[in-house]
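A.B. asks: Structure, please.
(one chain, ligands or ions: 1)
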Amino acid sequence: MIPFIKEKFVAHKCTLVADIGCGLGYLGNALTSLYNIDVKGFELRASNCQSARNYTSNSSSFATEQLIVDKSIECTKAIQTALTYHDKTKAASVSSKPNPEQLNLSSSPLRTRSSDQRICMVGLHCCGDLTPATLFQFHHLDECKVLICLGCCYHRLCSENKTSFENFPLSMKLKTEYDFTQPNDRKLNGLALRLACQETKSRWLCKTEQEVNNHSKHVAFRAVLEYYCWKTGSSLTKKHKKLTGSAAFKTFETYIDAVLSRVDDFSPLDSIITVRQDLLLCYEECKPYFSCVMWYNALQVMMQGVLESLILRDRKEYLLELGIYCQLISLFDDEISPRNIALLAWK
Ligand SMILES: C[S@@+](CC[C@H](N)C(=O)[O-])C[C@H]1O[C@@H](n2cnc3c(N)ncnc32)[C@H](O)[C@@H]1O
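C.D. replies: Below you'll find the model as predicted:
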């Protein structure tokens, strides 16, 4: 990906890279250290900006700006200000807020100053709504000449009811073809978007039989837990981000012991022993169906590529409708990361 960015940077005579959702700054640091390219990173989390700074050598021309990138004109102005005032000599620094004077757009001739810069906008794994926001900003910032953007976590797209999304579909083409009158259970919902960002077919082909069997076991155990919750009307609230580690999946007993130590709120009548027994009963009830998991998985793998293509094509159409040249391009092997298809756009 890095040589590809460099090639486009040179071809479009760019002077600066804007790295949207730069995270810990790996991409920006690689570009500055390998090719001496100036990079301005934009990142939501202050802690990531700080870590990116710690990781950056003092001589590097990489700087980060703490900013929520969204589809607002205020954000466009904030990016424009940061790019205009990107100062190589002050790189390797973090600024959380632009100087108020810099944001006073009426008194600062931004358009004139920013036209000095030709920006190559990049985004590696811009999750959820960050990719649509990046496309919006690319369209609105005249100085952005080329965009290389890979999305991820499509299921995190903002939605009020899990069936309609603020940023999907984006293009008029799909908006017109998508039948909004159809019932909710026929629409692409959050689960479909989650499926779109699962493992790809070729990554499955690289897995060993043992890995595939383990995956089926994990799915089956989680399904028993879901069945228990559905049957008893309980919701086992996680106390930790991750419910269990993979070691817990040795047997169903080890799995539920790990789960029960990491969930909250049993109703007072339910002792942990009763819940455990009920879960074991559910397990026995579901066991005859475990062999189906692999078939469902195969269906999911077949759907993944179709769903992801739809999302990517929609984003490409959106840019084309705005009069921006655009291609979808596979940037690296999906064994490195399953989200390997970039939107390459230029104007
Ligand atoms: C999946 S990570 C990728 C990080 C980095 N590009 C990389 O590949 O190592 C997405 C990053 O985008 C940041 N992010 C998410 N939404 C954002 C937003 N609206 N504005 C700015 N940054 C955002 C997250 O904090 C996170 O660091």
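A.B. asks: S159 - nearest residue in space that isn't next to it in sequence?
C.D. replies: Nearest residue to S159 in three dimensions, chain neighbours excluded: F165, at 4.7 Å (C-beta to C-beta, 6 or more residues apart in numbering). Glycine gets a C-beta too; all of them are placed from N, C-alpha and C.
A.B. asks: interface residues of this structure facing the ligand?
C.D. replies: 21-24, 26-27, 42-45, 48, 68-70, 124-125, 127, 130, 133, 152 (C-beta under 6 Å from any ligand atom).
A.B. asks: What mean pLDDT does stretch 261-274 get?
C.D. replies: Averaged across stretch 261-274, pLDDT comes to 68.
A.B. asks: How about stretch 297-306?
C.D. replies: 94.
A.B. asks: swap in stretch 12-27?
C.D. replies: Rounded mean pLDDT across stretch 12-27 is 95.
A.B. asks: From the chain's centroid, how far away is it?
C.D. replies: Relative to the chain's own centre, stretch 12-27 is displaced by 17 Å; criterion: C-alpha atoms, centre = their mean, to the nearest Å.
A.B. asks: Can you give me the end-to-end span of that stretch?
C.D. replies: 19 Å (C-alpha to C-alpha, to the nearest Å).
A.B. asks: when you give positions from now on, start the count at 661
C.D. replies: Renumbered: residue one is now 661, and that last one reads stretch 672-687.
A.B. asks: Give me the buried positions along that stretch.
C.D. replies: In terms of neighbour count (16 or more other C-beta atoms under 10 Å), stretch 672-687 has its buried residues at 674-685, 687.
A.B. asks: which stretches of the stretch 711-860 of the chain have low pLDDT?
C.D. replies: For the stretch 711-860 of the chain, the stretches with pLDDT under 70 are 717-720, 747-775, 839-841, 845.
A.B. asks: Going along the chain, name the helices of it.
C.D. replies: In the stretch 711-860 of the chain, the helices defined using DSSP state H, counting those that start in this stretch lie at 733-744, 760-763, 770-774, 790-800, 832-837, 850-856.
A.B. asks: Mean neighbour count and distance to T724 for those helices - can I get that in CSV?
C.D. replies: Below are the helices of the stretch 711-860 of the chain laid out as CSV (neighbours: other C-beta atoms under 10 Å; distance: least, C-beta to C-beta, whole Å):
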stretch, mean neighbour count, distance to T724
helix 733-744, 20, 10
helix 760-763, 12, 16
helix 770-774, 15, 19
helix 790-800, 23, 15
helix 832-837, 13, 34
helix 850-856, 17, 29
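A.B. asks: Mind listing what's buried along stretch 872-879?
C.D. replies: H875, S876, K877, H878.
A.B. asks: Contacts for stretch 787-802, please.
C.D. replies: Identification of contacts with stretch 787-802 by C-beta atoms under 8 Å, 6 or more residues apart in numbering yields 680-681, 729-731, 733, 735-736, 739-740, 743, 771, 774-775, 779, 781, 783, 786, 804, 807, 809, 811-818, 826-827, 830, 975, 978-979, 982, 984, 1003, 1005.
A.B. asks: tell me, what residue is most central in this protein?
C.D. replies: With the centre of the chain defined as its mean C-alpha position, the nearest residue by C-alpha atoms, centre = their mean is C787, 1.9 Å away.
A.B. asks: Identify the nearest residue to that one in space, disregarding sequence-adjacent positions?
C.D. replies: C813 (3.9 Å).
A.B. asks: burial count for the one you found?
C.D. replies: 18 (other C-beta atoms under 10 Å).
A.B. asks: again, but for C889
C.D. replies: 13.
A.B. asks: Assumed it was part of a helix.
C.D. replies: Yes - when DSSP: H, G, I helix; E, B strand; the rest coil is applied, C889 is found to be in a helix.
A.B. asks: show me the contacts for it.
C.D. replies: S895, L896.
A.B. asks: What distance do you get for it to E869?
C.D. replies: 31 Å (C-beta to C-beta, to the nearest Å).
A.B. asks: the strands in the stretch 711-860 of the chain, which residues?
C.D. replies: 722-726, 754-755, 779-787, 804-812 (DSSP state E, counting those that start in this stretch).
A.B. asks: Retrieve the pLDDT associated with L694.
C.D. replies: 92.
A.B. asks: So it lies in a helix, does it not?
C.D. replies: Yes - assessed with three-state DSSP, L694 lies in a helix.
A.B. asks: which non-adjacent residue is nearest it?
C.D. replies: Using C-beta to C-beta, 6+ apart, the closest residue to L694 is I662 (6.2 Å).
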